[in-house]
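>>> What follows is a predicted protein model with its sequence.
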Amino acid sequence: MKTRVQLYAVCFAILLGGLAAASPAQQPQPQPSNNSASTDLKNAGHDTKEAAQATGRKVKHGTKKALHSTSSGAKKVWHKTKSTTTGAVNGAKQGAEEPASTPPASTPPSATPAPQQ
């Protein structure tokens, strides 16, 4: 029985030794020095640059969108005005060529009675 316990102890020791060898060594990782003032200023400058570029892109997109909307709206108004003006001119020409066939409507008698003599 003693040999069996010793066999288990040796197997256990080999197993633990193998696991210890397979695991990565716990060495401290060097931390980047981000605590310096110059690094903070550089990072702030880069962030400001990126923000300004993003804002510029959005302004450019908004300007293009507004230009397109204004242009298409102006064209729409121009087309509507053109057809309305053409219709008015044609109607005036037609009215000038053909005299009115019906006499103007007579004015209704006044509501006040005529003076008596």
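Sure thing, it's come through.

>>> Check which element follows the helix or strand of the chain with the lowest mean pLDDT along the chain.
In the chain, no helix or strand scores lower on mean pLDDT, DSSP states H and E than helix 2-22, which sits at a mean of 63. As assigned by DSSP states H and E, the chain's next helix or strand after helix 2-22 is helix 37-97.

>>> That following helix - what's its average pLDDT?
The average pLDDT for helix 37-97 rounds to 88.

>>> Summarise which helices and strands that helix is packed against.
The helices and strands touching helix 37-97, judged by 3 or more Cβ pairs under 8 Å, 6 or more residues apart in numbering; DSSP states H and E, number zero. Where you see a C-beta, it was placed from the backbone N, CA and C, and this is true even at glycine.

>>> Number the residues from 617 up from this point.
In the new count, where the first residue is 617, that last one comes out as helix 653-713.

>>> L683: neighbouring residues, count only.
A count of nearby residues for L683, using other Cβ atoms under 10 Å, gives 10.

>>> Same question for the one 3 residues further on.
Other residues within reach of T686 by the criterion other Cβ under 10 Å amount to 10.

>>> List the buried residues of stretch 693-702.
Within stretch 693-702, no residue is scored as buried using 16 or more other Cβ atoms under 10 Å.

>>> three-state assignment of Q732?
When classified by DSSP: H, G, I helix; E, B strand; the rest coil, Q732 comes out as coil.

>>> ok, how many other residues are close to it?
So Q732, with other Cβ under 10 Å, has 4 neighbours.

>>> what does G661 give?
10.

>>> Please apply the same query to the one 4 residues further on.
When counting by other Cβ under 10 Å, one arrives at 10 neighbours for K665.

>>> how far away is it from G672?
Distance from K665 to G672, counting by Cβ to Cβ, to the nearest Å: 11 Å.
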